[in-house]
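Novice: Just to be clear, the model below is a prediction. Sequence and coordinates:
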Amino acid sequence: MVHSSPVLPPLDTLETFARAARLGSFSAAAAESGITHGAVSRQVSRLERWMGVRLFAREARGVRLTPEGMRFFARAEEALTLLGNSGERWLPRRNKAVVRLSVTPSVASLWLFQRLPKLEGNELHVELTLEHRLADFGEGTDLAIRCGKGPWAGVRALPLWQEKSFPIAAPALAERLGQRSDALALLDLPILHDSNIEGWRRWLSREGVDYIPRGHDRRFEDYNLVIDACAQGLGIALARPPLSDAALATGRVVAVSERTLDYHVAFHLIRPDEALRSPAIEFASRFLREAGHDKATIATFIAPGRAKA
């Protein structure tokens, strides 16, 4: 979240600042918050830039509040106490461990949301960040879900599922095609795709068609929008199981070809190389079981990583 208020300080930095002030150490604040020392330092620096004053004096054995920092600390504690006592609960219940998951909107809406209560259970609370940019594990993110070929440097990634792709359409549009499902027949209709067009190029090339996007074809940033547009009859899309399973099961879309193709990229569950926190280990285990992975694969993924130098 980008803070843009000219009156209020960046609210997401206040708790980190207060924790560092109480403990007199960025390292101790990082350990208590479950984030890195660098993330604490960046949040404090952001708050200092907004205020235009130094809140901490950096010393060899830790940090010490400046006079300006001491004055602001008293006000920050008042504000945090007020929020903590509010009848409207902004924070998850204290008896729940927080897991921070960065996920693309398509996976969240088409697969995760319906399973989230089961994955959280009674003891976990998953804080979701819906985004496409690369997850910054240094800012406190525990796990991320991204689409690509992998592997990626500095992280551990596990493909979630194998996607067998095939063309789909709204029932009314499928009727227009009749029994035809060849590439040229499909190209009589608008092609729908997400930001990666390679899937359609590979599917059509099997019949010798060199696909180049046309003016009436439609591109969407997220695959959930591709599914919605397809269900509304705007064109032909490629199924990407399991993300397309619900739309197929309810009849919103139907298959228009029996030919399938392994999708060229996959969604991955991604974690930092360093050891995961216990709540993240538990959530990753539940998530991967739900995605159909066996015990050995899950154990390898959640095993402690390389220690930081």
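Specialist: Noted; the coordinates are in hand. For clarity, every value in this text was computed on a predicted model and none was experimentally measured.
Novice: okay, now residue 127: neighbour count?
Specialist: 13 (other CB atoms under 10 Å). C-beta coordinates here come from the backbone N, C-alpha and C atoms, glycine included.
Novice: Do a quick rundown of the strands in the stretch 151-300 of the chain.
Specialist: Remark: strands assigned in the stretch 151-300 of the chain by DSSP state E, counting those that start in this stretch are 155-159, 164-165, 167-169, 192-193, 218-219, 237-238, 254-255, 261-262, 266-272.
Novice: hmm, who's touching the last one?
Specialist: Think strand 266-272. Contacts to strand 266-272, defined as CB atoms under 8 Å, 6 or more residues apart in numbering, come from residues 104, 107, 135, 137, 142-150, 152, 154-163, 280, 284, 287-288, 291, 301, 305.
Novice: Run the angle between that strand and strand 155-159 for me.
Specialist: 150 degrees (axes from the mean of the first three to the mean of the last three CA atoms, to 10 degrees).
Novice: starting at the chain centroid, how far to strand 266-272?
Specialist: 10 Å (CA atoms, centre = their mean, to the nearest Å).
Novice: May I have that strand exported as CSV, CA atoms only?
Specialist: The C-alpha coordinates for strand 266-272 follow below in CSV (Å, rounded to 0.1, in the frame of the first residue of the first chain):
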residue,chain,number,x,y,z
ALA,A,266,3.5,-23.1,-14.5
PHE,A,267,2.4,-21.5,-11.2
HIS,A,268,4.9,-22.0,-8.5
LEU,A,269,4.9,-21.7,-4.7
ILE,A,270,8.0,-19.7,-3.9
ARG,A,271,9.8,-19.3,-0.6
PRO,A,272,13.1,-17.6,0.4
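Novice: Low-confidence ranges, the stretch 51-200 of the chain, go.
Specialist: 82-94 (pLDDT under 70).
Novice: could you pull out the helices for it?
Specialist: 67-84, 105-107, 116-120, 171-177, 183-186, 198-205 (DSSP state H, counting those that start in this stretch).
Novice: just checking, what packs against the third one?
Specialist: With contacts defined as 3 or more CB pairs under 8 Å, 6 or more residues apart in numbering; DSSP states H and E, the secondary structure elements packing on helix 116-120 are strand 124-130, helix 278-290.
Novice: same thing but at 7 Å, please
Specialist: helix 278-290 (3 or more CB pairs under 7 Å, 6 or more residues apart in numbering; DSSP states H and E).
Novice: for the last one, same thing?
Specialist: Using 3+ CB pairs under 7 Å, 6+ apart as the contact test, the elements touching helix 198-205 are strand 237-238.
Novice: For the strand it packs on, which strands pair with it and how are they oriented?
Specialist: Strand pairing for strand 237-238, determined by DSSP bridges: strand 167-169 (antiparallel).
Novice: picking up where we left off before, and the helices of the stretch 51-200 of the chain: which comes nearest residue 256?
Specialist: helix 171-177 (5.1 Å; CB to CB).
Novice: buried set for that closest one?
Specialist: 173-174, 177 (16 or more other CB atoms under 10 Å).
Novice: hang on, the earlier thing: just send the helices of the stretch 51-200 of the chain back as JSON lines, with distance to residue 61 too.
Specialist: What follows is the helices of the stretch 51-200 of the chain, written out as JSON lines (distance: least, CB to CB, whole Å):
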{"stretch": "helix 67-84", "distance to residue 61": "17"}
{"stretch": "helix 105-107", "distance to residue 61": "45"}
{"stretch": "helix 116-120", "distance to residue 61": "40"}
{"stretch": "helix 171-177", "distance to residue 61": "69"}
{"stretch": "helix 183-186", "distance to residue 61": "68"}
{"stretch": "helix 198-205", "distance to residue 61": "54"}
